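Engineer: make a model of this:
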Amino acid sequence: MDLELHGKVTLITGPAKGMGRAVSLAFAREGAVLVLAGRDTAAIEPVAAEARAMGVQALVIACDMTRPAQTEALAAAALQAFGRIDVLVNVAGGSGPIGKTGWETSTEEFEAIVQLNMTGCFNTMHAVLPGMVERKSGKVVNVGGTFGMRGRAGRMAYAASKWGLRGITKSFALEAGPYGINVNCVAPGMVDGPRFRDKVCANMADKLGISLDEAMTRHAADYALKRVSTDADVANACLFLASDVSRQITGIDLPVDGGWALL
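Structural biologist: Numbering: from 1, shown residues only. Here you go, the predicted structure:
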């Protein structure tokens, strides 16, 4: 199916690795024009190079999403380069403390992950939406998480930040809908990769005295499909919500979790 994303100017935050890299290259394969934003531009450049090798334009811009002045400058630079922003995909985020109860979590840890996962997405939407409203067209896809749908012991701060992002998404969807703009949230479950293996599985393995492979198997057992999601699964969901195939869908949480949130 042609998702008709060819030539669509797509701003993606957090594109250097993991889900962000997979999302960026998925849009590149569809022929989108990429604006790749993050704090470490040296880490983003290899992704941009891969995209350019596919024949698409890829602009790399340094931006700390927690700083409003930088997100406003990011949107301005993208508009100057390409004249519009058709799609915003907010992937940038962090995991916060892992394995700590709420009362063990420090105020600083809580505020840091809320600032990154919630305020960062608000800042980019605040910067990009006015242009979309003016053109009466646009797609916003926020990458949340299923812990923001069910909560999770030992991940209170992260769950709170992703739960808050759901509220931001739904409110923006109601406000932007009359202007023909779709705002949705992709909610990954556990996604196989370095963060999952080296942090989440390592924490379980250490606590239970089991191997990393056993920890991965235990996580997979929690899901209806008995398998952990991949970066490509998340990227495909972002493509769907960024395309007009999903034109009548807005304000939703789309779990990409093998059936964890429903259990």
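
Engineer: and residue 88, what does it touch?
Structural biologist: 10-11, 124-125, 128, 138-141 (CB atoms under 8 Å, 6 or more residues apart in numbering). (Each C-beta comes from the backbone N, C-alpha and C, glycine too.)

Engineer: can I get those residues in CSV with pLDDT, secondary structure and distance to residue 194?
Structural biologist: Formatted as CSV, the contacts of residue 88 follow (pLDDT from 0 to 100; DSSP: H, G, I helix; E, B strand; the rest coil; distance: CB to CB, whole Å):
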residue, pLDDT, secondary structure, distance to residue 194
10, 98, strand, 25
11, 98, strand, 25
124, 98, helix, 24
125, 98, helix, 28
128, 98, helix, 29
138, 98, strand, 32
139, 98, strand, 29
140, 98, strand, 27
141, 98, strand, 23
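
Engineer: in CSV: the residues you listed, plus distance to residue 153 and neighbour count.
Structural biologist: Output for the contacts of residue 88, formatted as CSV (distance: CB to CB, whole Å; neighbours: other CB atoms under 10 Å):
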residue, distance to residue 153, neighbour count
10, 36, 29
11, 35, 28
124, 30, 28
125, 30, 22
128, 35, 23
138, 37, 23
139, 34, 26
140, 31, 28
141, 28, 27
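
Engineer: of those residues, closest to residue 42?
Structural biologist: Taking CB to CB as the measure, residue 42 lies nearest residue 11 of the contacts of residue 88, at 19.4 Å.

Engineer: surely residue 172 meets residue 129?
Structural biologist: Yes. Residue 172 is in contact with residue 129 according to CB atoms under 8 Å; the separation is 7.1 Å.

Engineer: joint contacts of the two?
Structural biologist: Counting by CB under 8 Å, 6+ apart, the common neighbours of residue 172 and residue 129 are residue 140.

Engineer: pull the residues that contact the one helix or strand residue 69 maps to.
Structural biologist: Here residue 69 sits within helix 68-82, counting by DSSP states H and E. With contacts defined as CB under 8 Å, 6+ apart, helix 68-82 is touched by 9, 11, 33, 35, 37, 57, 59, 61-65, 85, 123-124, 126-128, 131.

Engineer: alright, calling it a day.
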